[in-house]
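Trainee: This is a predicted model, with the sequence first.
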2 protein chains.
Amino acid sequence: MTVDRAGRASRATITTVARHVGVSVATVSRVMNGHPTVAPELIERVRAAAAELGYTASPTARSLVLGRTHTVAVVVPDLGNPFFQGILRGVARAADVEGYHVLVADTAEDVAAEPDKALRARGRCDAVVLVSPRLADDRLRDLLPDLGPAVVVNRRAPDGIVPSLHPDYRAGMAVLADHLADLGHRRLLYLAGPAGTFSDRERRAGLADVARARGLDLTVLPGGVTQDDGARAATAVLATDATAVLAFNDLVAMGLLARLREHGVVVPREVSVVGFDGIDLGAAAAPPLTTVRVPAEEIGAAAWRRLARLIDGDDAGDDPAAAQSFRPELVVRSSSAPPPTSPTDKEAS
Amino acid sequence: MTVDRAGRASRATITTVARHVGVSVATVSRVMNGHPTVAPELIERVRAAAAELGYTASPTARSLVLGRTHTVAVVVPDLGNPFFQGILRGVARAADVEGYHVLVADTAEDVAAEPDKALRARGRCDAVVLVSPRLADDRLRDLLPDLGPAVVVNRRAPDGIVPSLHPDYRAGMAVLADHLADLGHRRLLYLAGPAGTFSDRERRAGLADVARARGLDLTVLPGGVTQDDGARAATAVLATDATAVLAFNDLVAMGLLARLREHGVVVPREVSVVGFDGIDLGAAAAPPLTTVRVPAEEIGAAAWRRLARLIDGDDAGDDPAAAQSFRPELVVRSSSAPPPTSPTDKEAS
DNA sequence: TTGTAGGCGTTATCAC
DNA sequence: GTGATAACGCCTACAA
């Protein structure tokens, strides 16, 4: 690398190297790309020159001519959300081992801006993994075709227009509800998430399945997605006769747990609380949080794999409409226990 | 946008638009870039054609000719770490408002791989924010010049070779120690972080400052950075006669808190525990965690601003060696309280 | 085996 | 005001 008059580092180009060795740029290109048709002696000299000059092919120029950026975009509503972080990390690490880079776009929960941000990100990438839980279905349907190779995560693509990957929220919730029912709970309370969302709908469905099958009493209260939402819901929860509450996610559950403790209600003796997601800090909650672990990072990695196939164009054999779903795994800790058998039970009153 | 024989979407280029309107590509280019020297009538027709064809300038081609990718890289050791997440989010959001994109590289805690990953990311970006706390100083010194425009976060650059931004760990720890001392604690225990690290050294320094100034007894135990590390340290902590423990960060503190609770020791009555970072979930700890909030997102945003100036080349006036430091803010919750005044005190025994 | 030359999609410098 | 046209740095037929 040399330095020009402005003092700015100016990289050596393929031409620099070619001249330095006394060959054509084509030869240098071939050597750099491991083409097998170059004389061993030359490849050595070119290598040496490249090293000496600190030459590296310009990714931008390669992208232009190759039509590939070797970059994928990950579009999420909020980098502060543990689930999205897991996804991002999963695709980042998986993509990295194949020499791919990751462009990340945080839409700051601005749903309206998502299509544009996704499109703009797409411009510099070969494909995009779109995590956009709140975007209306028809907007998504409009967006997807313009996005080119893409997968959606955390929801299903309208008409299976592109592959989708998501946790099996329904099964996850069912596992949780079954766990609670096994413990003896008959009256469950669900602290709901964002209305109309795939992840909320599916959770409700899983809950309904179990409630019906086992004759449980299910009530639903608006909850939210954050710790604060959970804390705010505490009094409403207490006003209920449910013996167990299922929060939309771990954050909500932990917020609720904290506030309940302030109110002096002891979990799980008076009421059981379970979360959803399986964030690490759930283990440090008081009491440690029973939850269901969703494999966010694994989903991210799978999303990458799907994308890789789309990019390479060998979708041969796999159904683009395929929705890949990941079953959460029950993590029993001590925030769930048998219900109190107090005289103030609904039936007894 | 049209579709070629392969069925792949093939974007309209500037030439497509030019032909469609019957003008030269130069004119289209001028219109797209808002150049003022185009006839109003033409600019209208070009706009219309562009819209009709769904034309958008290829970012790659622009990058090549402009020499700017309008992208910055963020290199972090682990996307799972709340502090790094905050940084990433901060630069992502700040960069976004100026039309810049963010490439993220997670080095998976593989320190040895960091220089290479950073370099590769740099290839597709205009600048990089490097968060690499464990990289040896001399390796960093070697790396930085090859990286071009860059800032380092969470440590200081050797010889102030590039700008650096970091929390004022020293002041943060001092604030915490003072808080504890004010409460009456005389024997402090520090659960240390990664040895040799800027963030650990500075914390120790802040602690030492206060210990000296106020005649405190300070002992240091190896701790770690994760929740598990904190849990593992519990018995060692108990074997100590310290009345207050300062964890390297909130994760460690919460892990410790959880384990102490299992051991039946009640915080803060028997021992006080404080964290560092100010993660949101600290509020949901039991008891809620006293800590010091480091403005990670703000640091990220500031890092972006610094980078933007470097990219634009108007470093005029600001000292590149400047280390910008951010003072953490004390967050008092209930995991800290006056020390027990029991007869088993050291002095009394 | 190696070199020549065209092209990837834009921008910018010239002429006109 | 508008249009050729030369870069930008690289890859890849096609020739030699």
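Mentor: Yep, that arrived.
Trainee: List the buried residues in the helix or strand harbouring residue A:235.
Mentor: Element membership of residue A:235 [criterion: DSSP states H and E] is helix A:234-238. By neighbour count, with 16 or more other CB atoms under 10 Å in any protein chain shown as the criterion, the buried positions of helix A:234-238 are A:234, A:237, A:238. Bear in mind the C-beta positions are built from the backbone N, C-alpha and C, glycine included.
Trainee: my read: the first one touches residue A:257, true?
Mentor: Just to be clear, that refers to residue A:234. No. Using CB atoms under 8 Å, residue A:234 is not in contact with residue A:257; the gap is 9.1 Å.
Trainee: what about the helices in the stretch 101-250 of chain A?
Mentor: Using DSSP state H, counting those that start in this stretch, the helices of the stretch 101-250 of chain A run over residues A:114-123, A:137-147, A:169-183, A:198-214, A:227-232, A:234-238, A:250-262.
Trainee: Check which helices and strands the last one sits against.
Mentor: The one in question is helix A:250-262. On a contact count with 3 or more CB pairs under 8 Å, 6 or more residues apart in numbering or on different chains; DSSP states H and E, helix A:250-262 meets helix A:227-232, helix A:234-238, strand A:244-247, strand A:272-274.
Trainee: which element is the residue of the stretch 151-300 of chain A found nearest chain B on?
Mentor: The minimum distance from the stretch 151-300 of chain A to chain B, using CB to the nearest CB, falls at residue A:286 (3.1 Å). Under DSSP H and E, no helix or strand contains residue A:286.
Trainee: Can you get me a residue count around it?
Mentor: 19 (other CB atoms under 10 Å in any protein chain shown).
Trainee: just to revisit the earlier point, most tightly surrounded among the helices of the stretch 101-250 of chain A?
Mentor: Highest mean neighbour count of those: helix A:250-262, a mean of 25 (counted as mean count of other CB atoms under 10 Å in any protein chain shown).
Trainee: could you dump that one to PDB, C-alpha only?
Mentor: Provided in PDB are the C-alpha atoms of helix A:250-262 (Å, rounded to 0.1, in the frame of the first residue of the first chain):
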ATOM      1  CA  ASP A 250     -39.500 -13.700  29.400                       C
ATOM      2  CA  LEU A 251     -39.100 -10.000  29.600                       C
ATOM      3  CA  VAL A 252     -42.700  -9.600  30.500                       C
ATOM      4  CA  ALA A 253     -42.600 -12.500  32.900                       C
ATOM      5  CA  MET A 254     -39.600 -11.000  34.700                       C
ATOM      6  CA  GLY A 255     -41.100  -7.600  34.900                       C
ATOM      7  CA  LEU A 256     -44.200  -9.200  36.400                       C
ATOM      8  CA  LEU A 257     -42.200 -11.300  38.800                       C
ATOM      9  CA  ALA A 258     -40.400  -8.200  40.100                       C
ATOM     10  CA  ARG A 259     -43.600  -6.300  40.600                       C
ATOM     11  CA  LEU A 260     -45.400  -9.200  42.300                       C
ATOM     12  CA  ARG A 261     -42.500  -9.500  44.700                       C
ATOM     13  CA  GLU A 262     -43.000  -5.800  45.600                       C
END
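Trainee: Run the chain-centre distance for it.
Mentor: Distance, stretch centre to chain centre, for helix A:250-262: 24 Å (CA atoms, centre = their mean, to the nearest Å).
Trainee: Also stretch A:10-30?
Mentor: 43 Å.
Trainee: That one near chain B anywhere?
Mentor: No. Using CB under 8 Å from any CB of the partner chain, stretch A:10-30 stays clear of chain B, coming no nearer than 9.1 Å.
Trainee: Residues in contact with that stretch: which ones?
Mentor: Taking contacts as CB atoms under 8 Å, 6 or more residues apart in numbering or on different chains, the residues outside stretch A:10-30 that touch it are A:1-4, A:32, A:35, A:37-38, A:42, A:45-46, A:49-50, A:52-58.
Trainee: Would you mind measuring the gap between the ends of stretch A:291-299?
Mentor: Length of stretch A:291-299, first residue to last, CA to CA, to the nearest Å: 18 Å.
Trainee: same deal with stretch A:68-78?
Mentor: Stretch A:68-78 has an end-to-end distance of 27 Å (criterion: CA to CA).
Trainee: Number of residues surrounding residue A:131?
Mentor: By other CB under 10 Å, the residues close to residue A:131 number 30.
Trainee: Show me chain A divided up by domain.
Mentor: As given by automatic domain parsing, the domain ranges for chain A are A:2-66, A:71-162+A:296-325, A:169-290+A:332-347.
Trainee: I'd like these as JSON lines, with mean pLDDT appended.
Mentor: Putting these into JSON lines (pLDDT from 0 to 100) gives the following:
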{"stretch": "domain A:2-66", "mean pLDDT": "89"}
{"stretch": "domain A:71-162+A:296-325", "mean pLDDT": "94"}
{"stretch": "domain A:169-290+A:332-347", "mean pLDDT": "95"}
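Trainee: what's the neighbour count on the nearest residue to residue A:55 once chain neighbours are set aside?
Mentor: Leaving aside its chain neighbours, residue A:55 sits nearest to residue A:12 (4.3 Å; criterion: CB to CB, 6 or more residues apart in numbering or on different chains). By other CB under 10 Å, the residues close to residue A:12 number 17.
Trainee: got the residues of the stretch 201-349 of chain A near chain B?
Mentor: Counting by CB under 8 Å from any CB, the stretch 201-349 of chain A sits next to chain B at A:227, A:251, A:254-255, A:257-258, A:261, A:280-281, A:283-286, A:288.
Trainee: ok, which pair from these is furthest apart?
Mentor: Farthest apart among those by CB to CB are A:261 and A:280. That separation is 20.3 Å.
Trainee: The residue sitting nearest the centre point of chain A and residue A:149: what is the separation?
Mentor: Centroid-nearest residue in chain A, with CA atoms, centre = their mean: residue A:87, separated by 3.0 Å. As judged by CB to CB, to the nearest Å, residue A:87 and residue A:149 stand 17 Å apart.
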